[in-house]
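J.: need a structure here:
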Amino acid sequence: VKTPRKVVKLVRVLNPWGKGEWNGDWSDQSPLWNEVSSQDREAWLEDKNNGEF
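T.: Got it, this is the predicted structure:
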């Protein structure tokens, strides 16, 4: 994703048991998502407990 300062490479990882969520930078609730375009947010952000981090 592109932020005003740099391009950040993200990797999606899926927990096969479907439990647990990442809570650090770029997590579902991270304020870093406010720095990217709405198009990138829509493409990358899924705010649900799906075991993806």
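
J.: where do the helices sit along the protein?
T.: 38-44 (DSSP state H).

J.: What residue in it is the furthest from its centre?
T.: In the chain, the greatest distance from the average C-alpha position (C-alpha atoms, centre = their mean) is reached by residue 17, at 19.1 Å.

J.: Tell me, what's the model's pLDDT at it?
T.: Residue 17 is assigned a predicted lDDT (pLDDT) of 79.

J.: Hmm, it is touching residue 51, no?
T.: Yes: counting by C-beta atoms under 8 Å, residue 51 is a contact partner of residue 17 at 6.6 Å. C-beta coordinates here come from the backbone N, C-alpha and C atoms, glycine included.

J.: thinking again about what came up before, what's the residue farthest from the centre of the chain in contact with, if anything?
T.: Residue 17 is in contact with residue 51, counting by C-beta atoms under 8 Å, 6 or more residues apart in numbering.

J.: mind checking how far it is from residue 52?
T.: Residue 17 sits 12 Å away from residue 52, going by C-beta to C-beta, to the nearest Å.
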